[in-house]
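> quick one, fold the following:
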Amino acid sequence: MAVNFENLLKSIIKPLVTNPDDVVVKILSEDSETVSISVIVHSDDLGRVIGKGGRIASAIRTIVYAGAAKENKRVQIDIDSY
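The predicted model follows:
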């Protein structure tokens, strides 16, 4: 069963933010080995998603990397705001 990275990231990030409707997750590119994902949140929520010292962002990446490891893929996640 393939991991749906979009739904996985949305389900992790939306409870963390105050503007869940502004969360956008896009798969930028995907091939047999790598997946590049862009996560865009409201500018007020960027600190909530990254966390102090990047701890929350690191934890999010760890969860997604675990899902990607099942499919023998590497994932790159870029977190930004608008």
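> show me what contacts P20?
K14 (Cβ atoms under 8 Å, 6 or more residues apart in numbering). Glycine gets a C-beta too; all of them are placed from N, C-alpha and C.
> quick one: it and V41, what's the gap?
9 Å (Cβ to Cβ, to the nearest Å).
> for the chain, just list every one of the helices.
Remark: helices assigned in the chain by DSSP state H are 5-13, 46-50, 55-69.
> what is the neighbour count of the residue nearest to S38 when sequence neighbours are not counted?
Spatial nearest neighbour of S38, chain neighbours left out: K26 (4.7 Å); criterion: Cβ to Cβ, 6 or more residues apart in numbering. K26: 11 surrounding residues under other Cβ atoms under 10 Å.
> now K26: how far from G53?
K26 is 26 Å from G53, by Cβ to Cβ.
> what's the answer for I37, then?
On the measure of Cβ to Cβ, I37 and G53 end up 22 Å apart.
> what's the answer for L46, then?
From L46 over to G53 the distance is 14 Å, taken as Cβ to Cβ.
> who touches the spatially closest residue to G67 that is not a sequence neighbour in this structure?
Using Cβ to Cβ, 6+ apart and skipping residues adjacent in sequence, the residue nearest G67 is V3, 4.2 Å away. By Cβ under 8 Å, 6+ apart, the contact list for V3 reads 67-68, 70-71.
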